[in-house]
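Peer 1: Quick one, structure for this:
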Amino acid sequence: MSSAGQYSAFVDVAIFDAVRTPWVDLGGALAQVSPIDLGIKVGREVLARAGIDPLAVDSVLAGSMAQASFDAYLLPRHIGLYSGVAQTVPALGVQRICATGFELLRQAAEQLRDGVQLALCVASESMSRNPIAAYTHRDGFRLGGGVQFKDFLWEALYDPAPGLDMIATADNLARRYDLCREAVDRYACDSHQRALQAQREGAWCEEIVPIDNQVFELEGYQPRGIKLPRRTSLVTQDSHPRPTDFSALSRLRALHVGGVQTAGNSCAVVDGAAAALVGRGSACTRRPLARLLASAVVGVAPEFMGIGPAPAIHLLLQRSGLSLDDIGRFEINEAQAAQVLAVAQELELDQTRLNVQGGSLAVGHPLAATGLRLVMTLARQLRQHNLRYGIAAACVGGGQGMALLIENPTYHN
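Peer 2: Numbers count the residues shown, from 1 in each chain. Predicted coordinates:
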């Protein structure tokens, strides 16, 4: 496997703390909430939980994929300001599609090299507020011209370079790696069952921030806030995990003729936000959530985009000097079941260490925010089970893969 790509190693970089909102299904309780306000909520909460004065933050990095509000251009800046960060602190928008959450952490670590002391990283995604859009009508509507409005959320899943949607790229991997429909559905069923068990056991309680109606004040400026639907006063947990059995999954129609991917074995579409604080480990006054050791990002063929995590993980291990056996847990984003199975097969990965609390098939995938969820979930697993190293990875639309290596600061032999 090629070792081409970008590798970065980090020294004395720590994730002080990280939190997220519940992931809520498309059209659910968070559907009308701006991603900026979801981002402000988690930004404020991660600072409060870490016991850090917002004025100590000297960099804001924020990411969101779709323009889900008319003030979307201002998302990074407003998240920083309404989180209480000093007005003099700059804010930067970051985008690497499904790996945006990883890229936020990578760029924060890079900024620490240049003198930044503490970075607030926020990723927020409202899939529900993706617009119905037209790009060809700025000069008006010609008689009989038939202006074309399309669903941005649906169209964004299509890559015009290979002429394939994301589901078709997973079906390509299923054919390449000889993955049958039964194997793909059984993996999806396991993901749902693991997620339900994790939810029942409270595995995500530490990372989830309950969402209620709230106003965000900023002296001298207009207030913002979160307003939930009528008869909803509090959102406390992920909404998509649900009882699912293999027979139900096997009855679903494949999305493409001859393919293995269905609505049941593809990631759930949800809304949500996540935040993390990144700073120097030596400056952390209490034990951080994780140490960020390295990152790797690679390019792959767009028509096989889902395989991206495999070469990214290969590069990460090769350059860090570690082996697969050194890694206690893997969190690899489940864009589609065939995609994650192909990655596991390519790496010859022990699946008992892979997505042990389920993944995006069951929990959901709010594009920009998923990377932060994978890292915080992974970090807490390492601490709970006294494991030293973990890798979080994701494929990226257009043909990329990205992976992060983290270390448990509480590990002991």
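
Peer 1: Give the full set of residues in contact with residue 385.
Peer 2: Neighbour list for residue 385: 328-329 [criterion: CB atoms under 8 Å, 6 or more residues apart in numbering]. Any C-beta I mention is one placed from the backbone N, CA and C, and that applies to glycine too.

Peer 1: Buried residues in the strand or helix carrying residue 377, which are they?
Peer 2: In this structure, residue 377 sits in helix 370-384 according to DSSP states H and E. For helix 370-384, the buried set under the neighbour-count rule, 16 or more other CB atoms under 10 Å, comprises 370-383.

Peer 1: I'd like those as CSV, with pLDDT and distance to residue 277 appended.
Peer 2: Shown next, in CSV, are those (pLDDT from 0 to 100; distance: CB to CB, whole Å):
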residue, pLDDT, distance to residue 277
370, 98, 19
371, 98, 15
372, 98, 11
373, 98, 15
374, 98, 17
375, 98, 12
376, 98, 11
377, 98, 17
378, 98, 17
379, 98, 13
380, 97, 15
381, 97, 20
382, 98, 18
383, 97, 17
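
Peer 1: closest to residue 86 among the residues you listed?
Peer 2: residue 372 (23.0 Å; CB to CB).

Peer 1: Tell me how far the closest one lies from residue 216.
Peer 2: To residue 216, residue 372 is 20 Å away according to CB to CB, to the nearest Å.

Peer 1: Do you have the strands of the stretch 151-300 of the chain handy? List them.
Peer 2: 158-159, 164-165, 211-212, 214-216, 224-226, 234-235, 270-280, 290-299 (DSSP state E, counting those that start in this stretch).

Peer 1: winner for burial among those strands?
Peer 2: strand 270-280 (a mean of 29; mean count of other CB atoms under 10 Å).

Peer 1: What's the local residue count around the closest residue to residue 74 other than its chain neighbours?
Peer 2: Spatial nearest neighbour of residue 74, chain neighbours left out: residue 36 (7.4 Å); criterion: CB to CB, 6 or more residues apart in numbering. When neighbours are counted by other CB atoms under 10 Å, residue 36 registers 27.

Peer 1: And the contacts of the top helix by length along the chain?
Peer 2: Secondary structure of the chain per DSSP state H: the longest helix is helix 181-200. With contact meaning CB under 8 Å, 6+ apart, helix 181-200 is reached by 174, 204, 237-238, 241-246, 249-250, 254, 260-262, 264-265, 334, 337-338, 340-341, 355-359, 361-363.

Peer 1: Repeat the analysis, applying 6 Å as the threshold.
Peer 2: 241, 244, 246, 249-250, 260, 265, 337-338, 341, 357-359, 361-363 (CB atoms under 6 Å, 6 or more residues apart in numbering).

Peer 1: which residues touch the spatially most central residue of the chain?
Peer 2: Centroid-nearest residue in the chain: residue 370, 1.1 Å away (criterion: CA atoms, centre = their mean). Residue 370 is in contact with 101, 333, counting by CB under 6 Å, 6+ apart.

Peer 1: let's see it at 10 Å
Peer 2: 20, 23, 98-102, 123, 125, 267, 270, 272, 274, 331, 333-335, 359-360, 363-364, 392, 394 (CB atoms under 10 Å, 6 or more residues apart in numbering).

Peer 1: what's the neighbour count on the closest residue to residue 268 other than its chain neighbours?
Peer 2: Leaving aside its sequence neighbours, residue 268 sits nearest to residue 364 (CB to CB, 6+ apart; 3.9 Å). Using other CB under 10 Å, residue 364 has 29 neighbouring residues.

Peer 1: was I right about residue 364 contacting residue 20?
Peer 2: No: Residue 364 lies out of contact with residue 20 (CB atoms under 10 Å); the separation is 11.2 Å.

Peer 1: Common neighbours of the two, please.
Peer 2: In contact with both residue 364 and residue 20: 238, 272, 370, 373, using CB under 10 Å, 6+ apart.

Peer 1: Show the pLDDT at the first one.
Peer 2: pLDDT for residue 238: 95.

Peer 1: That one touches residue 22, doesn't it?
Peer 2: Yes: using CB under 10 Å, residue 238 is in contact with residue 22, at 5.2 Å.

Peer 1: which residues touch residue 56?
Peer 2: By CB under 10 Å, 6+ apart, the contact set of residue 56 is 47, 50, 85-86, 89, 117-118, 120, 277, 279, 283.

Peer 1: Select from these every entry located in strands.
Peer 2: Counting by DSSP state E, those place 118, 120, 277, 279 in strands.

Peer 1: Residue 92 versus the second one, what's the distance?
Peer 2: Here the distance between residue 120 and residue 92 works out to 11 Å (CB to CB).

Peer 1: And residue 289, by the same measure?
Peer 2: Separation of residue 289 from residue 92 (CB to CB) stands at 22 Å.

Peer 1: Comparing the two, which shows the higher neighbour count?
Peer 2: residue 289 (26 against 16).

Peer 1: list the contacts for residue 106?
Peer 2: So residue 106 contacts 6, 8, 10, 13, 61, 94, 96, 99, 121, 278, 292, 294-297, 371, 402, 404 (CB under 10 Å, 6+ apart).

Peer 1: The helix holding residue 377 versus helix 181-200: what angle between them?
Peer 2: Put simply, helix 370-384 runs at 70 degrees to helix 181-200, going by axes from the mean of the first three to the mean of the last three CA atoms, to 10 degrees.
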